[in-house]
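What would the 3D arrangement of this be:
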Amino acid sequence: MTTDDDHPPSRRARRRPADDPPIALVTGASSGIGAATADRLAAAGWRLLLSGTDQTRLDAVAARTGGRPLPADLAKPDGAQRLAEAALAAAGRVDALIASAGIGWRGPFAGTPADTLDRMLEVNLAAPLRLARLLLPGMLERDRGRIVLLGSMAGQVGVRDEAAYAATKAGLTMFAESLWYELRGTGVGVRLILPGAVETPFFATRGTGYQRERPRPVPPEAVADIVLGALTTDRDRVFVPHWLDYPARLHGAAPGLFRRMASRFG
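Model (predicted):
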């Protein structure tokens, strides 16, 4: 058993009072997984800093969760820095970063609009890395924190006509994997959530709806439950639904077989 006397004075001074709720910054909070995550965290007693691009929907989520709306366009190169500065100015610290903002596009890679490709790279990959870089020093100083990254099954196995989107999510996966090694032995953890299809506006905004008969999309609340659990458990990589772990393992162990099966069954 340890007491405050077991830690140096500087560490004791950085401890959060027991009655001071933890603070989470949630990106993509105006809809989908981000909004559902905000609801779950609010119910669990977290203080929320909520970022999104749709001011009206963001304000509605903030109103029902008691969160602080921080509108930000993460597609802009300085969007992440502006958001991190606003979050720290509003709350003084961030105990958990929930990077759930994401955009997609479906179609042959050669036909991907240049501005859409740039936005995917910024929002899906560059912004989470930039936010983590800006918020991680404070977490390490306090020896406490979580970085939760919303990846995708597409980033594990690849998806036809979604090459750019899959590439951004694959990059996020390798970032989480590499950062995990760096953070071992600290009080800060990185968690990677890997959903399959989710019932969100994502498919409408990418230009085409979900076209597969199976697997059926899961509700965003199912992903939000996993995000909440990731803040308090040691599971550093979670598939949603959990059975997606099996095709991911097959792809890693026998990529040729996986490709043949994927080509046959879609």
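
hang on, isn't residue 168 packed against residue 124?
Yes - between residue 168 and residue 124 there is a contact under CB atoms under 8 Å: 3.7 Å. All C-beta atoms are positioned from the backbone trio N, CA, C, and that covers glycine.

These two: which has the busier surroundings?
Between residue 168 and residue 124, counted using other CB atoms under 10 Å, residue 124 has the larger neighbour count: 27 against 24.

Enumerate every residue touching that one.
Listed by CB atoms under 8 Å, 6 or more residues apart in numbering, the contact partners of residue 124 are 101, 102, 103, 165, 168, 169, 172.

ok, how many other residues are close to the residue lying closest to residue 42 once chain neighbours are set aside?
Distance criterion CB to CB, 6 or more residues apart in numbering; nearest residue to residue 42, sequence neighbours excluded, is residue 65 at 3.7 Å. The number of residues packed near residue 65 is 22, by other CB under 10 Å.

May I have the strands that pair with the longest strand anywhere in the chain, each with its orientation?
Longest strand in the chain by number of residues (criterion: DSSP state E): strand 188-195. Partner strands and pairing direction for strand 188-195 (DSSP bridges) are strand 145-150 (parallel), strand 237-240 (parallel).

and those as JSON lines, adding mean pLDDT?
Listed next are the strands paired with strand 188-195 as JSON lines, based on pLDDT from 0 to 100:
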{"stretch": "strand 145-150", "mean pLDDT": "98"}
{"stretch": "strand 237-240", "mean pLDDT": "90"}
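
most packed of those strands?
Mean neighbour count (mean count of other CB atoms under 10 Å) peaks for strand 145-150 among the strands paired with strand 188-195, with a mean of 24.

Going by neighbour count, list what's buried in stretch 161-171.
Residues of stretch 161-171 classed as buried: 162, 163, 164, 165, 166, 167, 168, 169, 170, 171 (neighbour count, 16 or more other CB atoms under 10 Å).

Count the residues that sit near the nearest residue to residue 240 once chain neighbours are set aside.
With sequence-adjacent residues excluded and distances taken as CB to CB, 6+ apart, residue 240 is closest to residue 195, at 4.3 Å. Look at residue 195: counted by other CB under 10 Å, it has 24 neighbours.

related to what we said a few turns ago, export the strands paired with strand 188-195 to JSON lines and tack on distance to residue 262?
As requested, the strands paired with strand 188-195 are exported to JSON lines (distance: least, CB to CB, whole Å):
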{"stretch": "strand 145-150", "distance to residue 262": "23"}
{"stretch": "strand 237-240", "distance to residue 262": "17"}
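
Select, out of those strands, the one closest to residue 135.
Residue 135 lies closest to strand 145-150 among the strands paired with strand 188-195, at 7.7 Å (CB to CB).

what's next to that closest one, contact-wise?
Counting by CB under 8 Å, 6+ apart, 28, 33, 94-100, 102, 128, 132, 135-136, 138-139, 172, 175-176, 179, 187-193, 195, 223, 227, 230-231 sit against strand 145-150.

for the next helix or strand after it, what is the average pLDDT?
Later in the chain than strand 145-150, the nearest helix or strand by DSSP states H and E is helix 154-157. Averaged across helix 154-157, pLDDT comes to 88.

From the contact counts, what lies against helix 154-157?
Contacts defined by 3 or more CB pairs under 8 Å, 6 or more residues apart in numbering; DSSP states H and E place helix 154-157 against helix 163-183, helix 245-253.

I appreciate the help and will end here.
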